[in-house]
Every structure is written in structure tokens, then in C-alpha cells.
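Peer 1: Attaching a predicted model along with its sequence, questions to come.
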Amino acid sequence: MVKIFKKVDNSSKSETEPLLNNKKIVQPFCKKTWFILSTLVLVIIVATAVIIVISSLQPKDNPPNAGSPDRDTYNNVASGSKLSPVSIGTKQQQIRLTSVATTNGDYFKKCAPIVVCNAGDKYRSYNGSCNNLQNPSWGAALTPFYRLADAEFSDGNYTLRVQLDGKPLPSARLVGLKLFYMRDVRYSDHNNNELLVPWGQFLTHDISYYPDDIRNATTPAHLDHCFEKDKSKIPSECKAAILIPKDDPVYGPYNVSLFKFVRSATSVNFSCPLTPRTILNRNTQYIDASHVYGSDKKTADNLRTFKNGRLKSQILKNEEYCPQNPNSEFKNGPLGPSKVQFAAGDVNVNQNLAIALFQNLFLRYHNHLADEMQKVNPSWSDERVYQEIRRIMGAIIQVITYNQFLPIILGDDYMKEYGLTGPTTYDPSINSALAQEMTSGAFRAVHNIIPAKFNFMATNYSIVDEVEPSRVLLKPDLLIGNFDHMLRGFLETPGRAPQPSYNNLITNVVFKIPNLDGYSGFDLMSYDIQRGRDNGLPPYNKIRQICGLKKAIVFDDLSDLISLEDIATLKTLYSTVHDIDYLIGALLEKPRNGSMVGPSTACIIGDSFYRFKSGDRFFYNILGQPGSFTPEQIKSLEKITLSHVLCLSSNLDHIQKETFRYVDHKWMSNIKRSCRSYKLDLYPWKEN
Ligand code: HEM
Ligand SMILES: [Ca+2]
């Protein structure tokens, strides 16, 4: 029997009265029941009042997230500390970080171009400007990374940080070796496949790019002189080179004594001499598919056919790929001549096969959607189709990131705590620019899930090739003809379990340059640590404070999150607990259950993605803006998973809905869905 309930005004009676066929049903209701119920209600009211009074007497530095697993940690926050995160709201406690940096406004006061915006624009600008109408340059390409805390340099402005006792920091290579050498322990993650890696990198290239210092383009050659006997001949760039210890198990036998490290370009390269060193992000700092289209109009126009909204492409072995870049500086890259150098919205498209695969997937997806949209709206111009698909692509990358990727990296609890779920309310006071602490620190900690090898898999799941990253640096030729093999390999291989170390190859022999005398190589971890120092990242202990974790006074205070064994090694490397590099602390922290990262990483990632969502006027589920999607369009977009993109842009025919989930093809193949079931419904875009 169906009961329909309707609110009635007469409060002397029960609040809701069941109606059936609009007739009142008389409920049996005796006086005794009425008495018991009202007594019960009275008791509840009194008890609640007592609880409220008691809790209001508690000190104000209560844990922002009482009841969560982080409760103890938050209890340790010094009360009133300027660096403490703030929790807001009562129903769903949310954590907000407050930047304590003093320099975030400098560029905008001194160097930002004057931008005139049209508040009614439906589409994003190419370079991200005019997203925030009060601060039109916020988040635009070629504006500074945001800082949560002031930069830390030993001279305040430029020179790499030193330890509290004045000694130089330990060599980045030495730190990596002592803590992580041959520590590849928990190899496989049987919940997730390897696809998290190319997605993580693809997402990174949407929001971040800072090239090496172009004023010092000759630096690598300079660095050959770092060991001159005549000290006056040693170039100043050597101060940032990464020293390799003599007893290095990999490089020692070849007498390789340093990694050539080139510092990043700063605002000085762009005629804006700010101090301290200020790094400009070359890509738009919104999740807006700028790596597909470009972060400026010239790049975007070069990638367009100007017909039917399509992007330029080339056909190789009967398949569609990104267009060739005839001007690529890597046609004769470190691995020898390369016939294939792709052009895309981000210059790093050819860095390795995984990112090249994803740039190509999204190029294909754009063209597929453009064709479909033209069918739905035959009268639309090339411009209209192109802009509408560009807008949809940005939205799809957001949907996949927030619905599929972040819940795995952060876990559901952090997702809720940092306000990364559900509808979005636009807040123009939020600058969504990418934090330096994120791009040079927290997000790089996810380098720990990069696998040592990429498997190429045939349709029968047999592995036809295993490719080490060192074979694919800046030379994506191998992708041609292997597109589906590579994609299948990522989908069908369990991921590398998150762990403190990076894989052994990427820290030792990746990007090995063959045919050179001696031995030359690259260590991603050394570079990540050094990049943090190059960009003036605050050390780990400072980030702990920003994140509301306990400030350590002595090394042993780290035992709340780091093992005693690792603390013992840290003591041999750093003079004090205040000197530890952020990335190192981030990697050593024990992740919270259900998350892949530790609290000080989750905090910076959580804050960043909160700002990318609430500070982006064009975020896909913000309503009431000229660029907003309609509720029907949002519904259609929210049905999208990465599996849609993979199905439509490859020859794979069955993919699971939870795209990043590892599905053992032997036992669980029935979880996979036919690619025919994945289709973006463009009907809500149909115009009469
Ligand atoms: C095959 C996989 C990957 C490779 C080979 C790779 C390699 C690199 C390299 C060489 C750099 C520049 C290092 C420097 O000189 O500073 C870098 C930067 C970075 N990577 Fe990765 N990475 C991969 C995947 C990922 C993933 C999965 C993430 C995160 C989820 C990530 C996040 C970052 C970030 C945030 C930066 C700095 C951003 C920038 O350069 O603008 N990477 N990566
Ligand atoms: Ca972007």
C-alpha cells in the first residue's frame, strides 16, 4: 500500500498525516502512547541542551574533525597558531588552509598585464585570464605559482636553503640512496591498475609547467667545469648541481660525480624582476584541458583545422595521432633521431610514452565529439563546435579527476574533509593558482606509483613487450602501432603499491643516455628533492604546521607518522628535524587507511583541488554563470568515466566502469562492460 505524506499546519496534531486517495486515514492513537512519546521527546531535548552547554565550555582549539582518525593529530596543533588550518561549517566539517605567505600579491601589483574582461563570455579565455573578474590574472598562464608559506632561501631570495646550523643540505642523491635504495618492497596494488600514473601525469600537465632557466641554456655545458682545480673557474650554476657520493652503488663505479641540474625559469626571464625568486607557471592553472588546446591563442590556432570544430591530426598506420611538430627540439633527442614528435597544447607531450598516449587519446576524443556535435547541431559553425567541445573536454577532465582519480589517491574521508565532493559554490575570493608546495612537493610524492616497466599487451593479454622508461624518453615513436597494446597494458596490470620509495629504475637508470663514454643517467627522486630546494619550498616540519599537524621539536617527535627506523636514518642525514626536505617527510609518512598518501601530502593536495573547484568560475557544476552548463548537461557529463574516453579513442572493446580498478581478466572479466555502452549523451546540447 502506498502512503502519501503531506505536511499540515495544525501543530496540535501529529506533524504529518498520512493520506490515501486524498482521504485522511485515522490512526489508532491512545493517550498512553501520546504520554510516553512526549516524555521521550522532553528527555531528548534536555539531554541535547546539556551537551551543548558542556561543549561550549571546552577550549576553542578542539579538533576540527572530531571523530575522524586524525583527531589526535589535530589535538596537537598549537592553539592560535597562524599556521593552523581552519575547519568550517557544522554539518560536514571541512578543512581550509590559510596561506601565510606574504608575497602572493607582488606579481599582481608590479607586473601583471592590464586585462579587460567581458563578464558575459561563455567560454574560457585561452590563457585562463578573466576567470576571476575581480582579479583577472589569477590562475592565468605565465603568472606565479601560489605560495602557502614564504619561500625559504638561505639569502632570503635566491640561494638554496641551508641547514639551521649553517651547513649545506645533504646531497639530494645521498638522501635518496640512504633512505630508499633497493627498498622496492610492496610491489603490486591489486585494487588499482597502472592507469593512475598516466592520468596523474596528464592532469599535472593541465595545471603545471615550469621550464628550466632559459637564461642559463648553456648550463649543462658549464656544469662540466664543476670540479675545476682553479676554484675561480667553477661556474656559479654548480651550486645547484646534485653531487653523487663516491660510494654510490650505481654511479660510483663509473666515476660519475654529479647530476646536471638546471634551475627553473623565474619571473626575471619574463621581465619581472621579483624577489624572492618567483616561478611563473607556463600553463593555465585551472583544470581546463589547456594541455590539449594550448595556453595561448597562437598555440591553440596552430592546432586547429578550422573545419567542423576539429583539431589537426595525422594518420599513421591507419590510426589517428596528434599532428607532427616540425620544430620539435627533440627530433634528435638523447635517444637518437626520432621520426615522431607530436604537437599538442603542452610542450611536454613527448616526455614519455605514457603522457604521449594520453595526449593522443584526448585528441581523438575531441575529434570524435566534434563530429557527434556537428551531427546534433548541423547548423553550428566550426567555431561554435570547437569551443563547445573544448568546454566539454575541460569538464570531462574535471569529472574524471574528482569522481574517479582523487577518491583513490586521497580516499573518501579526505575527499569529504577538503570539500571535494558534490555541488560547487563559486567563491571569487579564492585564488585557484597551483601551489608551489603542491607542484614541487606534494603531487610529486605520487611519483612513487610509477611502474618500472610499461607492459604492452596483445588482445589475448599476453605481454608482447616490456618497455623501460629509459627507452621512451622524448621519443614516442614506439607508440605508433602499439597504441592499443600500451593502453591494454596499463588497464590490465596491477599498479605499483604506494610506498616510500620510487621504483629502482626511475631513481637509477631511467633516462640513461646510451653510447656515451662512461655512464650517464638521471634520478627522478634526486631531481624532485632538488627542485623543492630550487623553488624555495618550506621544509617538512613547516608543512606539518600548515597542515595542522604537530610541530616536531626533536626528530623523535616525528614518530606519530614516521617509523623509528626511518627517523634514525634521518638523524644521520640532517642536522635538525627542521631541515628535512618536504618530499622526504611526505614519502615517509604512513598513509591513512583508505588513502595512498600521508596527512601532510593529503592536506596540500586536498587544498589545491578545493581551490581548483571553488575558485574556478567555469567549474563544470557551478550554476548561474554565463559559462555554466544546464542541469541536464551536467547530468550527462557526470555519467562520464575515463572508460568512455578510452573506448571511443581506441580499439579496445570491453572496459570496466571503474576504470582505475584492477580487474583480473581470468576471474572477473564479466565486470567489464562492452564499449558500446559508453556514449556521451549530447542531446542536452541540441538547439532547435
Ligand atoms: C611515467 C610517469 C612519469 C614520469 C616519467 C614523470 C617524470 C617527471 C619529470 C622528469 C619531471 C620534472 C622533474 C624536474 O626536473 O623537476 C616531473 C615533474 C612533475 N611530475 Fe611527474 N612523471 C610521471 C608521472 C607523474 C605522476 C603520476 C604525477 C602525479 C600524480 C606526477 C607529478 C609531477 C609534478 C607535479 C611535477 C612538477 C610539475 C612540472 O614539471 O610542471 N608525475 N615528472
Ligand atoms: Ca590548465
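Peer 2: Alright, I've got the coordinates. Residues are numbered from 1 along each chain as shown. Ligands and ions are numbered 1, 2, ... in the order given.
Peer 1: For ligand 1, what's its nearest residue on the stretch 101-250 of the chain.
Peer 2: G200 (2.5 Å; Cβ to the nearest ligand atom). C-beta: built from backbone N, CA, C; applies to glycine.
Peer 1: so how many other residues sit close to the nearest residue to that residue once chain neighbours are set aside?
Peer 2: The shortest distance from G200 to any non-neighbouring residue, by Cβ to Cβ, 6 or more residues apart in numbering, is to V446 (5.3 Å). Using other Cβ atoms under 10 Å, V446 has 20 neighbouring residues.
Peer 1: A602 is in contact with V446, correct?
Peer 2: No: counting by Cβ atoms under 8 Å, V446 stays clear of A602, with 11.4 Å between them.
Peer 1: which residues in the stretch 351-500 of the chain form helices?
Peer 2: For the stretch 351-500 of the chain, the helices defined by DSSP state H, counting those that start in this stretch cover 353-376, 382-400, 406-410, 412-417, 436-439, 483-492.
Peer 1: Would you format these as a markdown table with mean neighbour count included?
Peer 2: Output for the helices of the stretch 351-500 of the chain, formatted as a markdown table (neighbours: other Cβ atoms under 10 Å):
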| stretch | mean neighbour count |
| --- | --- |
| helix 353-376 | 22 |
| helix 382-400 | 22 |
| helix 406-410 | 22 |
| helix 412-417 | 20 |
| helix 436-439 | 27 |
| helix 483-492 | 23 |
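Peer 1: so which of these gets nearest E329?
Peer 2: Ranking those by proximity to E329 (Cβ to Cβ) places helix 353-376 first, at 15.9 Å.
Peer 1: So, low pLDDT: which residues of the chain?
Peer 2: Applying pLDDT under 70 to the chain picks out residues 1-84, 86-92, 185-186, 213-220, 333-335, 470-471, 510-520.
Peer 1: So which bits of it are right by ligand 1?
Peer 2: 197, 200-201, 204, 208-210, 352, 354, 439, 443-444, 446-447, 450, 469, 524, 527, 531 (Cβ under 6 Å from any ligand atom).
Peer 1: Quick one: residues contacting the closest residue to I634 other than its chain neighbours.
Peer 2: Leaving aside its sequence neighbours, I634 sits nearest to N621 (Cβ to Cβ, 6+ apart; 5.4 Å). Counting by Cβ atoms under 8 Å, 6 or more residues apart in numbering, N621 makes contact with 423-424, 629, 634, 638.
Peer 1: What subset of the residues of the chain next to ligand 1 is buried?
Peer 2: 197, 200-201, 204, 208-210, 352, 354, 439, 443-444, 446-447, 450, 469, 524, 527, 531 (16 or more other Cβ atoms under 10 Å).
Peer 1: which ones among those residues come in contact with ligand 2?
Peer 2: Taking Cβ under 5 Å from the ion as the test, ligand 2 is in contact with none of these.
Peer 1: re earlier: would you turn the helices of the stretch 351-500 of the chain into JSON lines with distance to V464?
Peer 2: Listed next are the helices of the stretch 351-500 of the chain as JSON lines, based on distance: least, Cβ to Cβ, whole Å:
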{"stretch": "helix 353-376", "distance to V464": "14"}
{"stretch": "helix 382-400", "distance to V464": "28"}
{"stretch": "helix 406-410", "distance to V464": "28"}
{"stretch": "helix 412-417", "distance to V464": "37"}
{"stretch": "helix 436-439", "distance to V464": "36"}
{"stretch": "helix 483-492", "distance to V464": "6"}
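Peer 1: Which residues does the helix or strand harbouring L570 contact?
Peer 2: Secondary structure from DSSP states H and E places L570 in helix 564-573. Contact with helix 564-573 is made by 170, 174-175, 178-179, 500, 555-556, 558-559, 562, 577, 580, 584, 588, as judged by Cβ under 8 Å, 6+ apart.
Peer 1: Mind checking which of those residues are in helices?
Peer 2: Among those, DSSP state H puts 174-175, 178-179, 584, 588 in helices.
Peer 1: which of the residues you listed sit farthest apart?
Peer 2: L174 and L588 (15.8 Å).
Peer 1: Mind checking which of those two has more residues around it?
Peer 2: Set L174 next to L588 and count neighbours by other Cβ under 10 Å: L588 wins out with 23 against 19.
Peer 1: mind checking how far that one is from ligand 1?
Peer 2: 18 Å (Cβ to the nearest ligand atom, to the nearest Å).
Peer 1: that older thread, ok, so of the contacts of N621, who is nearest ligand 2?
Peer 2: T424 (17.2 Å; Cβ to the ion).
Peer 1: and the closest one, what does it touch?
Peer 2: Contacts of T424 by Cβ under 8 Å, 6+ apart are 613-614, 619, 621-622.
Peer 1: This structure against ligand 2: which residues are in contact?
Peer 2: 206, 284, 288, 290.
Peer 1: Most neighbours among those residues, which one is it?
Peer 2: Neighbour-wise, the residues of the chain next to ligand 2 (other Cβ under 10 Å) top out at T284, 33 neighbours.
Peer 1: Surely that residue is within a strand?
Peer 2: No: assessed by DSSP: H, G, I helix; E, B strand; the rest coil, T284 does not belong to a strand; its assignment is coil.
Peer 1: right, and it touches S137 too?
Peer 2: No: between T284 and S137 there is no contact under Cβ under 8 Å: 11.3 Å.
Peer 1: Give me the number of neighbouring residues for the residue nearest to M182 when sequence neighbours are not counted.
Peer 2: The shortest distance from M182 to any residue other than its chain neighbours is 6.8 Å, reached at N504 (Cβ to Cβ, 6+ apart). Burial of N504 is recorded as 16 neighbouring residues (other Cβ under 10 Å).
Peer 1: for the strand or helix carrying Y610, packing partners?
Peer 2: Assigned by DSSP H and E, Y610 belongs to helix 599-614. Judged by 3 or more Cβ pairs under 8 Å, 6 or more residues apart in numbering; DSSP states H and E, the packing partners of helix 599-614 are strand 94-96, helix 406-410, helix 412-417, helix 436-439, helix 540-546, helix 582-588.
Peer 1: Could you dump the ones you listed into TSV with distance to S674 added?
Peer 2: Formatted as TSV, the helices and strands packed on helix 599-614 follow (distance: least, Cβ to Cβ, whole Å):
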stretch	distance to S674
strand 94-96	40
helix 406-410	24
helix 412-417	29
helix 436-439	38
helix 540-546	46
helix 582-588	40
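Peer 1: Nearest to R364 among those would be which one?
Peer 2: helix 406-410 (24.6 Å).
Peer 1: Contacts made by that closest one with the rest, please.
Peer 2: 192, 196, 200, 415, 418, 420, 446, 595-597, 602, 605-606, 609, 660.
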